[in-house]
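**Student:** what follows is a protein structure lacking sequence information:
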């Protein structure tokens with residue numbers, strides 16, 4: 001799964017063609033050259049402004065600066081060290097930048113499955129392969145949904 005952050009504009013009305021795609025490894029956002037997404041200096045950004053994290057099948061954004069990271073849905077600044085689960089279409093203010101987050105729906109496999117290996121979950125499991133130990137039940141449910149299968153289990 002991947003999420004792309006794109007700058008829509010700035011407080012002054014300037015428009016930039018800046019974007020960055022994060023994968024399961026996440027990354028840093030800021031104006032420091034060691035950041036994964038290095039934004040231009042001078043737009044109220046910090047050297048390390050925010051961190052993108054992939055955890056339990058979703059992307060989170062964590063504020064690393066005491067100010068300047070606002071989740072537009074909440075209109076409240078995200079506290080330093082605070083985390084927010086990113087949803088498709090969310091907008092953020094990173095310093096003076098207005099940023100849009102967009103998930104890529106065509107990339108659903110977790111990194112440990114995206115190695116060219118075939119895992120046959122259909123065909124009555126006749127070609128059963130073992131799943132990696134770190135495979136989570138939520139990922140299995142997502143794969144079943146993609147295959148159009150229903151989860152087998154207890155009925156309440």
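**Tutor:** Great, that's in hand. All figures in this text were calculated on a predicted structure; none of them were measured in a lab.
**Student:** got the domain boundaries for this protein?
**Tutor:** Listed by automatic domain parsing, the domain ranges of the chain are 3-103, 108-156.
**Student:** would you single out the least confident of those domains?
**Tutor:** Across these, domain 108-156 has the smallest mean pLDDT, namely a mean of 50.
**Student:** show me what contacts the closest residue to residue 76 other than its chain neighbours?
**Tutor:** Distances taken as Cβ to Cβ, 6 or more residues apart in numbering put residue 70 closest to residue 76, at 7.0 Å, once the chain neighbours are dropped. Glycine gets a C-beta too; all of them are placed from N, C-alpha and C. Contact analysis of residue 70 by Cβ atoms under 8 Å, 6 or more residues apart in numbering lists 76-78, 92-93.
**Student:** ok, residue 70 to residue 3 distance?
**Tutor:** Distance, residue 70 to residue 3, using Cβ to Cβ, to the nearest Å: 18 Å.
**Student:** re earlier: my read is the residue nearest to residue 76 is in a strand, agree?
**Tutor:** Yes - assessed by DSSP: H, G, I helix; E, B strand; the rest coil, residue 70 belongs to a strand.
**Student:** how about the contacts of residue 70 in CSV, adding secondary structure and neighbour count?
**Tutor:** Shown next, in CSV, are those (DSSP: H, G, I helix; E, B strand; the rest coil; neighbours: other Cβ atoms under 10 Å):
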residue, secondary structure, neighbour count
76, strand, 10
77, strand, 16
78, coil, 22
92, strand, 22
93, strand, 19
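**Student:** now for those residues: which two are most distant?
**Tutor:** Spanning the widest gap among these are 76 and 92, at 11.9 Å by Cβ to Cβ.
**Student:** wait, a strand at residue 53?
**Tutor:** Yes - counting by three-state DSSP, residue 53 falls inside a strand.
**Student:** any idea how many residues pack against it?
**Tutor:** Residue 53 has 16 neighbours, counted by other Cβ atoms under 10 Å.
**Student:** which residues are in contact with it?
**Tutor:** Residue 53 touches 26, 59-62, 83, counting by Cβ under 8 Å, 6+ apart.
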